[in-house]
Structures are given as C-alpha cells and as structure tokens.
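1. requesting a structural model of the entry that follows:
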Amino acid sequence: MGDLIAGLCIAKNEADIIEAMVRHNLAFLDRLHVVDNDSTDGTLAILKLLGLEFFGRLTWSTDERTGHMQKDIINELLPTLHPDMGISHVVVLDADEFISAEPQDFRTQLLASDAPVQLPWVTYVPTAHDDMSEPNPIVRINRRRRRERPQHYKVTIPGRLIGKALVRAGGRLLKGRNMPAPVSLPGITLAHFPVRSREQLISKVLIGSWSVRFRGPLKGKEAYHWHALAARILAGDMLSDSDIHSIALNYAADKEVALMRDPLPEHCGPLRYTDDGPHLLLRNLIAFAESCVIWREAQQPESRAAGN
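-> Residues are numbered from 1 along each chain as shown. From the prediction side, this is the model:
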C-alpha cells in the first residue's frame, strides 16, 4: 500500500456545511474528491472556489442523476482510483461528517492498517444554547450525544481492496469475496451533523424521501426516517424548534440519550464562501420539482412532440 489518504464525498444541497467539511477534513486527508449530485443551492459554486484555493488537493465533478444514487456513484468512482496512485485508504464521507482525531495520530494509525477501518459516528445536536449568529454549523453546534444507541459506523476502503470491494448503502459495510473484517482504532471518530437548521432539515427530508421514491420501489426500511418526517411536513407540520432538537437527538437512534458539551476541535478556520439562508428551502424544492419534470419529458420525447 501507499501512503496517500484520499476522501470521496457525494454532496447534494449542502451549501450550509460543504465549505466547513472540506476545510476541516483536508486537515486529515491528502486529497478529497467531491461529487455534486445535482444540487440546486450554492454547493457547486462553493466547491469551485474551494477547488481553486486547494488546487491539487480538492477536486470536484458533477452527476445530475436523480434518485438518491450515492452508493452507485461511489462504487463507479472507486475503480478509477488506480493502485499506482499510492493510496493507503479511501475515506468515504458525507457532507455532514467530520473526522475527529489528532491529525498525525489519524494518519499514523490508518497507514499502519491494511484492513478496513471503522469510523464510529458521534452525533451533534442543535440546542437552544447555540449561537445562531455563528454561520459555521460545526462551531455553532457544540453538544453531542453521550452515547450512540445503536452505534453506527462508516468504513474506509484500503488501497489493496480498490477494484475488489463495493460499498454498501450508507458506506457502513464493504461487500465482495473474502472481505477482511473491519477494525476499530482508538481515538478516531466521525463527528456527524445531520440536523443544522429548520430550513436545512425540511429540504433534506423532502428531497431525500422523494429521491428514494423516485428511484423505484422501496427496499425494507431504507430511508424510513425521511419518509416518516416527510409525511409530517406534507401534512402541514413545519416543525418547531423543539421538534428540530428532538429529531436531531433521535436521529438514527433507537433510544434517546443525554447530551454533553464537546466542541469539535477547530481545523477549518474562517469560512469565506458560505452564504446560507431560509430562501434556499423554497429554491431547492422548486428546482427538484423541475428536475423531475425534465426527466419525465426526456422519457417521452415522442409524446411531447405529438402534443406540440
């Protein structure tokens, strides 16, 4: 294996957090590639600016497919990472995930492991104590769950398994023949910020639920939390501050636990390009509806022509 630690991220409508994610995680990664999956907010514009600032370390591309295609996009990208690039591990990240460790310790431990490494989630929750004037969500939100129940993980892909392993939905497991068991490393976690504001949550829930349904028949409990919340919102419940707190507290959890103050160590510095606002909710929903109509029209070109 080589000594390069690379990151892969699929982002959709993450303008409020993508800059913080890139700046923070590049303190741990040698390179990071982000795929913008048909965002309708400022995500892509921010990535372009960051790509110039971190030239050679941050790259980006676009994928306009609708239907919650993160797993497929990641598995299509992995084989393009050739062994001669000297990759030790690929860290698959969502835009709301931040490596939490001492940077040199993270690097040393990852380079010493030839097995997939489990990165346990530590979920942060917005509260009434947050300073709402702070634009950086990982600075503003500084309280996390004391325990994760259950404990969820993301898993890295060792360089030797590139081209042999596929990532399962959520990036939590690898599949393939004779896959080695993942290992845990002390002092390394993944800070998770799934809920940051009312506007961000409503946009995420509605577009996430619609995207999964748009792709085809639902599989088991896939995205069940999105579908349940979407039903509430569509019934007219626009979610109070206490709702936002409760949803974050119980996100991907079976049992509610207490919170503790534990600010994520500062690695990203000041934000330069982030300009989030409530107007993005309406903009995102309108753009998603338009993308569905465009897709539908593309499937029926003859019918559309006849109608004209």
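2. need the helices for the stretch 151-300 of the chain, in chain order.
-> Here the stretch 151-300 of the chain has its helices, by DSSP state H, counting those that start in this stretch, at 198-215, 224-234, 241-249, 279-299.
3. what about the stretch 201-308 of the chain, any weak spots by pLDDT?
-> By pLDDT under 70, the low-scoring segments of the stretch 201-308 of the chain are 218-222, 276-279, 301-308.
4. over to the stretch 1-150 of the chain?
-> Ranges of the stretch 1-150 of the chain meeting pLDDT under 70: 1, 67-68, 82-84.
5. now the residue nearest the centre of the chain: closest residue in space, sequence neighbours ignored.
-> By Cα atoms, centre = their mean, the chain has its centre lying nearest to D94, at 1.9 Å. Nearest-residue entry for D94: C9, 6.7 Å, with adjacent residues in sequence omitted and distances by Cβ to Cβ, 6 or more residues apart in numbering. To be clear about C-beta, it is placed using only N, CA and C from the backbone, and glycine gets the same treatment.
6. mind listing the strands for the stretch 51-200 of the chain?
-> 58-62, 87-94, 97-100, 117-123, 143-145, 153-155, 157-158, 166-167, 174-175, 183-184, 189-192 (DSSP state E, counting those that start in this stretch).
7. my guess is L281 contacts S197. True?
-> No. Using Cβ atoms under 8 Å, L281 makes no contact with S197, being 9.4 Å away.
8. quick one, what contacts F106?
-> By Cβ atoms under 8 Å, 6 or more residues apart in numbering, the contact set of F106 is F28, I99, I188.
9. could you redo the last one with a cut-off of 6 Å?
-> Listed by Cβ atoms under 6 Å, 6 or more residues apart in numbering, the contact set of F106 reads F28, I188.
10. ok, now the one 5 residues further on?
-> Taking Cβ under 6 Å, 6+ apart, we find L111 in contact with D3, S88.
11. so it versus Q151, what's the distance?
-> As judged by Cβ to Cβ, to the nearest Å, L111 and Q151 stand 25 Å apart.
12. surely the residue nearest to D94 meets H33?
-> No. The criterion here is Cβ atoms under 6 Å, and C9 misses it with H33 at 7.3 Å.
13. which of the two has more neighbours?
-> Per other Cβ atoms under 10 Å, whichever of C9 and H33 has more neighbours is C9, with 24 against 19.
14. my read is the more buried one is in a strand, agree?
-> Yes. Under DSSP: H, G, I helix; E, B strand; the rest coil, C9 falls within a strand.
15. give me the distance between it and A112.
-> 24 Å.
16. same check on K175?
-> K175 is 25 Å from A112, by Cβ to Cβ.
17. same question for S291.
-> On the measure of Cβ to Cβ, S291 and A112 end up 44 Å apart.
18. who has more neighbours, these two?
-> Taking other Cβ under 10 Å, S291 and A112 do not tie; S291 has more neighbours (18 against 9).
19. grab the nearest non-local neighbour of the more buried one.
-> S291's closest residue in space is T66 (Cβ to Cβ, 6+ apart), at 5.6 Å.
20. how many neighbours does that neighbour have?
-> A total of 19 residues lie near T66 under the criterion other Cβ under 10 Å.
21. and G42, by the same measure?
-> G42 has 22 neighbouring residues, counting by other Cβ under 10 Å.
22. and for L52?
-> Using other Cβ under 10 Å, L52 has 8 other residues around it.
23. could you measure from it over to W60?
-> 11 Å.
24. again, but for P217
-> With the distance defined as Cβ to Cβ, P217 ends up 32 Å from W60.
25. give me the more crowded residue out of those two.
-> Per other Cβ under 10 Å, whichever of P217 and W60 has more neighbours is W60, with 19 against 6.
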